[in-house]
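# coords below, sequence missing:
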């Protein structure tokens, strides 16, 4: 840490750039913490463009902590002195990726966005999307940005699709932009890209435009039918846009059988497809479980890299969580007793190459391991090889730095306390659903310090208890992955 504190800003930026270049092979939590502490200690030595560069590099490393937040907040006034639209959009983009939603960091940027709203053009889609990711649904600001997108629709052209898709995530209506979007959907045009069609479908679903949704769904079904590569791309877009469409999901599930017949697909995009389907909550979970346990895939596990194996492990855990909560048959279809070879192949392969994982996939792996140890401990110990069990124990304590969960901008940070549930670290309001005695004890012991809050998990927990049950490990699969994996379907849902 002493060495990190002694370097100059230019050298500091160069070192971060080198870390990004070597990432993920050079991931070391102690070095990341030392670098963030150096930034916090001497943020006043950095020029505003350098601070923007530092934040972008930390985003590339997928790392943020209280030192990054403190250093940024201390210099935010300088960064927002006559800021360009690009700087504000890049700040919000980094905030969304790093889950920086503390009011001291977020509100000044939102205020500048509001003051200079008329200057935004092609930045509007990402700006609205970042606000949705950060669960910032200020009605006046969202309406103003939507109006600006409507006025600039001829200039931003196809970006208007993405501006409306991002606007639709906020769950509001708009008298001008919605008719313009519906007209865009219905006008004859045969050159929409696959991604644009998914964006159009997402927008139609969220505003309740059934006619437009049916048109886009029909075109997508026609475009990707019988083409496993296009189906894989479709799943990636749906996962990225948090769109679950039962018809498209069902078609992609049935297409897994075609992918399993191709060795190139099994070693290529199949792991990504299975993970996307698991996160989108499959319509036929047993079919997905059969694909995961197929001899072709199990025999190929030794040839897959650690990233693909982690995706498969995380997908299997998500399916177990969802199947348990819905009392579906995927629990038996993926059981460790009958499919120990698959679980052992996944874990032993990950053990060999986990150091090649970036922080995002290490967090995914950690969540899966904690779930397996907490929920299936007896089966894990009895069925898996000793090496796999030992790896799970050691990785759990390997020091994988978390990102702060996203929180709504109006959240009062001091009113939450940490709790670990079903392999997911969450924050809760004990007064809302704990027994009175426990709530009183928790309130008495509650620290005054500020902390982070995951709204998606909290909502799921309170729904569980308000329906008459206590919080348990039986959570919907969208909760298992954290706020980034929440799904948007009907109007009013949020990321």
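Done, it's in. These figures come from a predicted structure and were not determined experimentally.
# What are the buried residues along the strand or helix carrying residue 251?
Here residue 251, judged by DSSP states H and E, is contained in helix 246-260. Buried positions in helix 246-260, judged by neighbour count with 16 or more other Cβ atoms under 10 Å: 248, 249, 251, 252, 253, 255, 256, 259, 260. In short, each C-beta sits where N, CA and C put it, glycine included.
# Tell me the first helix or strand C-terminal of it.
Helix 246-260 is succeeded, C-terminally, by helix 263-267 (DSSP H and E).
# Against which helices or strands is that next one packed?
helix 246-260, helix 295-300 (3 or more Cβ pairs under 8 Å, 6 or more residues apart in numbering; DSSP states H and E).
# Of the buried residues of helix 246-260, which is the nearest to residue 272?
residue 259 (10.7 Å; Cβ to Cβ).
# just so I know, which of the helices and strands packed on helix 263-267 lies nearest residue 55?
Closest approach to residue 55 among those is made by helix 246-260 (36.1 Å; Cβ to Cβ).
# Could you pull up the mean pLDDT of the closest one?
What helix 246-260 shows for mean pLDDT is 87.
# Repeat that for stretch 87-97.
Mean predicted confidence for stretch 87-97 is 94.
# List the contacts of it.
Applying Cβ atoms under 8 Å, 6 or more residues apart in numbering, the set of residues contacting stretch 87-97 from outside is 52, 55-56, 58-59, 62, 79-80, 100-101, 105-106, 109, 112-113, 116, 120, 123, 126-127, 129-131, 133-134.
# Look up the pLDDT of the nearest residue to residue 365 once chain neighbours are set aside for me, please.
Of all residues not flanking residue 365 in the chain, residue 310 sits nearest, at 4.9 Å (Cβ to Cβ, 6 or more residues apart in numbering). Residue 310 carries a pLDDT value of 95.
# who touches residue 310 in this structure?
For residue 310, the contacting residues are 350, 354, 357, 361, 364, 365, 368, by Cβ under 8 Å, 6+ apart.
# in the protein, which spans are strands?
417-421, 424-428 (DSSP state E).
# If I average pLDDT within each of those strands, which one is lowest?
In terms of average pLDDT, strand 424-428 trails the rest of those, at a mean of 34.
# Mark which of the contacts of stretch 87-97 are buried, thanks.
Buried by 16+ other Cβ under 10 Å: 52, 55-56, 58-59, 62, 79-80, 100-101, 105-106, 109, 112-113, 120, 123, 126-127, 129-131, 133-134, out of the contacts of stretch 87-97.
# Now render the buried residues of helix 246-260 as CSV, adding distance to residue 70.
Formatted as CSV, the entries for these read as follows, by distance: Cβ to Cβ, whole Å:
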residue, distance to residue 70
248, 44
249, 43
251, 49
252, 44
253, 46
255, 48
256, 47
259, 47
260, 50
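# I'd say residue 362 and residue 402 touch.
No. In this structure residue 362 lies outside contact range of residue 402 using Cβ atoms under 8 Å: 10.0 Å.
# what about those two, which has more around it?
residue 362 (23 against 16; other Cβ atoms under 10 Å).
# residues contacting that one?
27, 354, 400.
# Show the pLDDT at it.
Per-residue pLDDT puts residue 362 at 92.
# what do you get for residue 473?
Listed pLDDT for residue 473 reads 34.
# so where's the stretch 101-250 of the chain uncertain?
189-190 (pLDDT under 70).
# Which parts of it are helices?
103-115, 124-133, 139-151, 153-156, 159-168, 177-186, 194-207, 210-224, 228-241, 246-260 (DSSP state H, counting those that start in this stretch).
# ranking those helices by burial, who's on top?
Sort the helices of the stretch 101-250 of the chain by mean neighbour count, taking mean count of other Cβ atoms under 10 Å, and helix 159-168 sits at the top with a mean of 26.
# other SSEs contacting it?
Here helix 159-168 touches helix 124-133, helix 139-151, helix 177-186, helix 194-207, going by 3+ Cβ pairs under 8 Å, 6+ apart.
# how about residue 185, what does it touch?
Contacts of residue 185 by Cβ under 8 Å, 6+ apart are 200, 203, 204, 209, 212, 215, 216.
# How is this protein partitioned into domains?
Segmentation of the chain into domains, based on automatic domain parsing, reads 303-401, 413-485.
# Can you give me the end-to-end span of the longest one?
The separation between the terminal residues of domain 303-401, taken as Cα to Cα, to the nearest Å, is 28 Å.
# quick one: it to chain centroid distance?
Relative to the centre of its chain, domain 303-401 is centred 19 Å away, using Cα atoms, centre = their mean, to the nearest Å.
# And stretch 159-169, by the same measure?
19 Å.
# Likewise for stretch 241-261?
20 Å.
# cool, stretch 151-169 as well?
Taking mean C-alpha positions (Cα atoms, centre = their mean), stretch 151-169 and its chain are 23 Å apart.
# Any chance you could list what contacts that stretch?
For stretch 151-169, contacts defined as Cβ under 8 Å, 6+ apart pick out 121-122, 124-129, 132, 142, 145-146, 149, 174, 177-178, 180-181, 184, 196, 199-200, 202-203, 206-207, 241-242, 488, 491, 494-495.
# how close does residue 136 get to residue 234?
Separation of residue 136 from residue 234 (Cβ to Cβ, to the nearest Å) stands at 29 Å.
# how much space between the closest residue in space to residue 396 that isn't next to it in sequence and residue 277?
If the residues on either side of it in the chain are set aside, residue 396 comes closest to residue 369, at 5.7 Å by Cβ to Cβ, 6+ apart. The gap separating residue 369 from residue 277 is 22 Å, by Cβ to Cβ.
# same deal with residue 86?
Look at residue 86 and residue 277: by Cβ to Cβ, they are 37 Å apart.
# the more surrounded of those two?
Higher neighbour count among residue 86 and residue 277: residue 277, with 26 against 13, using other Cβ under 10 Å.
# circling back: wait, which of the contacts of residue 185 is closest to residue 39?
Closest to residue 39, out of all of the contacts of residue 185 and judged by Cβ to Cβ, is residue 203, at 39.0 Å.
# need the contact list for the closest one.
Contacts of residue 203 (Cβ under 8 Å, 6+ apart): 161, 164, 165, 168, 181, 185, 209.
# Which two of these have the greatest separation?
The most widely separated members of these, counting by Cβ to Cβ, are 161 and 209 (13.6 Å).
# and of the helices of the stretch 101-250 of the chain, who's closest to residue 288?
With Cβ to Cβ as the yardstick, what comes closest out of the helices of the stretch 101-250 of the chain is helix 246-260 (6.2 Å).
# Can you tell me which helices and strands that closest one packs against?
Under the contact definition 3+ Cβ pairs under 8 Å, 6+ apart, helix 246-260 sits against helix 210-224, helix 228-241, helix 263-267, helix 270-279, helix 285-292.
# Thank you kindly, that will do.
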